[in-house]
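[1] following is a predicted model, sequence given first.
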Amino acid sequence: MPPETTPLLQVRDLHTTFPLRSALLRRTVGHVQAVAGVSFDIPAGGTLGLVGESGSGKSTVARTIVGLEKCAAGSILFEGEDLTSLPPARMRQVRRQLQMIFQDPYASLNPRATVEQIITEAWEIHPDVVPRDRFKPEVRELLERVGLNPDHAARYPHQFSGGQRQRIGIARALALRPKLVICDEAVSALDVSVQAQVLNLLAELREDLGLAYLFIAHDLSVVRHISDQVAVMYLGRIVETASQQELFAEPVHPYTQALLSAVPDPLPWARPPRTPIIIGGDVPSPADPPSGCRFRTRCWKAQDVCATEDPALEPRLGLHPAACHFAERRTELVVG
Amino acid sequence: MTSEPLLSVRDLRVEFSTSAGVVTAVDGASFDVRRGETVALLGESGSGKSVTAQAMLGIIPKPAGRVTGGSIEYDGRDLLALPATATRELRGREIAMVFQDPLSSLNPVFRVGAQIGEMFRKHRGASRKEARAEALELMRRVGIPAAEKRLDDYPHQFSGGMRQRVMIAMALALSPRLLIADEPTTALDVTVQAQIMDLLARLQDEEGMSLVLITHDLGVVADVADRVVLMYAGRVVEAGPIREVYEHSAHPYTAGLMGSLPAIDGPRERLTPIQGAPPDLLDLPSGCSFRPRCAFASERCADEEPVLLGAPGRPAPHSSACHHAGKVLTDAP
């Protein structure tokens, strides 16, 4: 992708918090910082992979961008317009260029609506996209586009397999001709054989329609496969970000290194043995994050300074941005 | 490992009655688990891998499901023919199980230490104090930090990974000879998954028990399993030493799964997925169930159901249920 003058999406210092309510006292007793200062760009036609484990805040980032969660601070610029301060009417206009595909294709499709109704609902809301007399042919075209039989437009979601349902979800997302599609664990629930079909479809659509993706997943192999840029999240923050090639070849943050070393390898025999980094413990609660570096409680490199000083996300070792005081190359991780 | 197998499943058939008709979830599956061996039972949704495990443990949901054929011999005795009291005893002491979701397998209102200790009180007649000491020892062995403090915690106070360690501790309590783990890491994050697989492999080694790992994830078991048994639509389609099967797949389904996996290193290539959708058990094709998704399918595949045979030109324990196994071996990438 050639660099654009203005990126399609610019997220700056995004914060999303959830109130912690006490049922007993019936009032808010604190806040969970699910997203605590996240910034990134996505150029038109580009794909940013956002990886992290449960509780990292990656899904909350997605939900905040599309307006399903309230942004507590920071800005979300879509083609230069700040989504956090747009008047509702304008927001509806902008918002349709920004669609989402969810993890569970069954839960995110209305079981009482036919595929045609599911897809055309968006056109009812945005009447200027497709004129009513064009609904049927456009639905057929969309279904064909995502690899479904156009004759199945009158069927209901339960009549499709999991992979096909995800294709319906993709068709619905494409109905409004978006520029950015947010895929939130869009292939995680699918069987491996079907997951590969959907990944190939997403890659084709990107090429043919010039789509940009924010691709959220916990599976690093999948993220590597589809992304141009990758950002690794931990406990509400981005800890490392780089091009796909550089992040997987030269990770410098201990958390990224640990994640990469933990990726199950289906062909471990063909390569020199990896040095697995098994990090202990679990992700701390975002309601009570550690002081300083949020990863320090699980980090084998942690020193006193990590508890007192929050490491900035800035270029380290002449490479890409990483938020670690002791960023270091660990090339033996990388095989092949 | 040339001794008699510890567990021998032969022609197992399990049917479920559903409102839409009778479904054959397991359709003549056969495989062995030897002493001290780790076997991966691999398959996607609808393959019958979990139902096979349920049959081994006698926990097939009734009355919808029932075993309609075959045998499951454990240490020379057919688990399906023994009276219920005898199998229950065996399943408590010698065969243990770890499930995917530890939270729903633990009792939320009892302290974790007491739940682990109950194994010793019920089966060994241990006193409350002895049981507590044994539980503490087990919690340490499975790597639960500050075990003496956590004995009196409730399941909800543990993280997912720690709960799975508690489940493993309970499973190990009576030193089983066979541990069946059904998707033990599927609900866990990748770094925690690595911890749990590491723990299972270490315990298997220390205890010398047999381990059956049921999973849909080809990568997770590659490092720890000795052999792999692949299931599709209720049948075993390929079996053999795991490296042999992964590197020289003799069934188009296995080859297709390998081609569907995005790599974590090397050049990025377009994936070569398996076409079509997972099998509909209510509407299986004639002959080979994989045929509608298979690039190698011929007329013979529709007429004649392939049986599990030695993979042509490959070392002995490698078998495949495909009429075109030889061609798959030479043509697949």
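    Cool, the structure landed.
[2] quick one, helices of the stretch 101-250 of chain B?
    Counting by DSSP state H, counting those that start in this stretch, residue ranges of the helices within the stretch 101-250 of chain B are B:102-105, B:112-124, B:128-141, B:147-150, B:160-172, B:190-207, B:218-222, B:242-247.
[3] tell me which of the ones you listed is the most buried.
    Among the helices of the stretch 101-250 of chain B, ranked by average contacts under mean count of other Cβ atoms under 10 Å in any protein chain shown, first place goes to helix B:160-172 (a mean of 24). Every C-beta, even on glycine, is put in place using the N, C-alpha and C of the backbone.
[4] check which helices and strands that helix is in contact with.
    Contact here means 3 or more Cβ pairs under 8 Å, 6 or more residues apart in numbering or on different chains; DSSP states H and E; on that basis helix B:160-172 packs against strand B:95-98, helix B:102-105, helix B:112-124, helix B:128-141, helix B:190-207.
[5] go again using 10 Å as the cut-off
    Applying 3 or more Cβ pairs under 10 Å, 6 or more residues apart in numbering or on different chains; DSSP states H and E, we find helix B:160-172 packed against strand B:95-98, helix B:102-105, helix B:112-124, helix B:128-141, helix B:147-150, strand B:178-182, helix B:190-207.
[6] could the helices of the stretch 101-250 of chain B be laid out in TSV, adding mean pLDDT?
    Below are the helices of the stretch 101-250 of chain B laid out as TSV (pLDDT from 0 to 100):
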stretch	mean pLDDT
helix B:102-105	78
helix B:112-124	91
helix B:128-141	94
helix B:147-150	92
helix B:160-172	90
helix B:190-207	89
helix B:218-222	92
helix B:242-247	96
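[7] low-confidence stretches in chain A?
    Along chain A, segments meeting pLDDT under 70 span A:1-5, A:331-336.
[8] check chain B too.
    Confidence mapping of chain B against pLDDT under 70 gives the ranges B:1-3, B:332-333.
[9] which of the helices or strands spans residue A:61?
    helix A:58-65 (DSSP states H and E).
[10] for the helix or strand hosting residue A:15, the distance to its chain's centre please.
    Element membership for residue A:15 (DSSP H and E) is strand A:9-22. Counting by Cα atoms, centre = their mean, to the nearest Å, strand A:9-22 is centred 15 Å from the centre of its parent chain.
[11] tell me what that strand is packed against?
    Using 3+ Cβ pairs under 10 Å, 6+ apart, the elements in contact with strand A:9-22 are strand A:27-42, helix A:58-65, strand A:73-78, strand A:212-217.
[12] ok, the third one: who's next to it in the sheet?
    Just to be clear, that refers to strand A:73-78. Take DSSP bridges as the rule and strand A:73-78 pairs in its sheet with strand A:9-22 (antiparallel), strand A:81-82 (antiparallel).
[13] and the helix holding residue A:61, anywhere near chain B?
    No - against chain B, helix A:58-65 shows no contacts by Cβ under 10 Å from any Cβ of the partner chain, the least distance being 11.9 Å.
[14] count of residues packed around residue 306?
    Unless you meant another one, I'm taking chain A. The number of residues packed near residue A:306 is 22, by other Cβ atoms under 10 Å in any protein chain shown.
[15] my question was about chain B, not that one.
    Neighbour number of residue B:306 under other Cβ under 10 Å is 21.
[16] what's residue B:269 in contact with, if anything?
    Contacts for residue B:269 were tallied using Cβ atoms under 10 Å, 6 or more residues apart in numbering or on different chains; they are A:225, B:259, B:262-263, B:333.
[17] sounds good, over and out.
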